[in-house]
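Student: Here is my input, please return the structure:
(chains A and B)
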Amino acid sequence: LAKTTQPISMDSYEGQEVNITCSHNNIATNDYITWYQQFPSQGPRFIIQGYKTKVTNEVASLFIPADRKSSTLSLPRVSLSDTAVYYCLVGEGWNTGGFKTIFGAGTRLFVKA
Amino acid sequence: KAGVTQTPRYLIKTRGQQVTLSCSPISGHRSVSWYQQTPGQGLQFLFEYFSETQRNKGNFPGRFSGRQFSNSRSEMNVSTLELGDSALYLCASSSTRDTHNEQFFGPGTRLTVL
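Tutor: Numbering: from 1, shown residues only, chains lettered A, B, ... in the order given. Alright, predicted model coming up:
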């Protein structure tokens, strides 16, 4: 499984766009990039997943350059409730014989009023 | 559709005891994974079960074990508890119809070892 590197923490203000970048230099051809969000004392929650270029859903966008060695999670117009830890994961899925999900340290985002 | 449920939510044990935690996955999900989360080590993968078979295992001692039943419900057991086993234990389930690793997490069981 590819190792990921993210900033330990980030601060932002309400209404701003937040971009969190994750480095994964050893990403394999079959690997997808997945981001999770975790609030204190809760389990992580899936945010978005992508393989290449750009993916957008109702809560975030994921930008992946052509070499796929990094990815950027973009949260538009954050609010106080977006204060959480964000994890970037890289790996294959169940159909390759099971998966062993490795969470890195994550990025602690703190949104201020 | 109901989410992943874990029981109990909170547990207090003493050193040397053993504990069993239970996880009920989302209906239709056949893959269940377990994680340990502590402030110092973060989220660490314990093991994954699929169709009652352990498919993957993390780097934990043999005191940590698990099983999965035919209805996909899973249990994990920790024997001879140590103080360092105090943690939030999270269970996650996945659908085999999802190609990649989107996992749905339960609320966790907070284990305190005294």
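Student: what comes up buried for the helix or strand where residue B:65 lies?
Tutor: Here residue B:65 sits within strand B:64-68, counting by DSSP states H and E. Across strand B:64-68, burial judged by 16 or more other C-beta atoms under 10 Å in any protein chain shown covers B:64-66, B:68. From N, CA and C alone the C-beta is placed, and that goes for glycine too.
Student: any idea of the mean pLDDT in that strand?
Tutor: Mean per-residue pLDDT for strand B:64-68: 97.
Student: how about that strand, does it reach chain A?
Tutor: No: using C-beta under 8 Å from any C-beta of the partner chain, strand B:64-68 never reaches chain A; the gap is at least 12.4 Å.
Student: Look up phi and psi at the residue of chain A found nearest chain B.
Tutor: Proximity of chain A to chain B (C-beta to the nearest C-beta) peaks at residue A:43, 2.7 Å away. Dihedral pair for residue A:43: phi -80, psi 160, per degrees, to the nearest 10.
Student: what pLDDT does it get?
Tutor: 91.
Student: Ok, residue A:36 next?
Tutor: 93.
Student: That one is in contact with residue A:43, isn't it?
Tutor: No: judged on C-beta atoms under 8 Å, residue A:36 makes no contact with residue A:43 at a distance of 9.1 Å.
Student: that older thread, show me what contacts the residue of chain A closest to chain B?
Tutor: Neighbouring residues of residue A:43 by C-beta atoms under 8 Å, 6 or more residues apart in numbering or on different chains: B:4, B:90, B:92, B:105-108.
Student: cool, and residue B:2?
Tutor: Residue B:2 neighbours (C-beta under 8 Å, 6+ apart): B:26-27.
Student: which element is it on?
Tutor: Judged by DSSP H and E, residue B:2 forms part of no helix or strand.
Student: what's the answer for residue A:40, then?
Tutor: Going by DSSP H and E, residue A:40 is not in any helix or strand.
Student: before we move on, back to that, ok, and which of the contacts of residue A:43 reach chain A?
Tutor: B:4, B:90, B:92, B:105-108.
Student: any chance of these in a markdown table, plus neighbour count, secondary structure and distance to residue A:70?
Tutor: Output for the ones next to chain A among the contacts of residue A:43, formatted as a markdown table (neighbours: other C-beta atoms under 10 Å in any protein chain shown; DSSP: H, G, I helix; E, B strand; the rest coil; distance: C-beta to C-beta, whole Å):
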| residue | neighbour count | secondary structure | distance to residue A:70 |
| --- | --- | --- | --- |
| B:4 | 21 | coil | 31 |
| B:90 | 26 | strand | 27 |
| B:92 | 27 | strand | 26 |
| B:105 | 22 | strand | 26 |
| B:106 | 23 | coil | 31 |
| B:107 | 16 | coil | 32 |
| B:108 | 22 | coil | 31 |
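Student: Farthest pair within those?
Tutor: Within those, B:92 and B:107 form the most distant pair, 11.3 Å apart (C-beta to C-beta).
Student: and after the strand holding residue B:65, which helix or strand comes next?
Tutor: In N-to-C order, the element after strand B:64-68 by DSSP H and E is strand B:74-78.
Student: Could you list the alpha-carbon positions for that following strand in CSV?
Tutor: What follows is strand B:74-78 as a C-alpha-only set of coordinates in CSV (Å, rounded to 0.1, in the frame of the first residue of the first chain):
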residue,chain,number,x,y,z
SER,B,74,-18.5,-9.9,13.5
GLU,B,75,-16.9,-10.0,16.9
MET,B,76,-13.4,-9.2,18.1
ASN,B,77,-11.9,-10.5,21.2
VAL,B,78,-9.0,-9.1,23.2
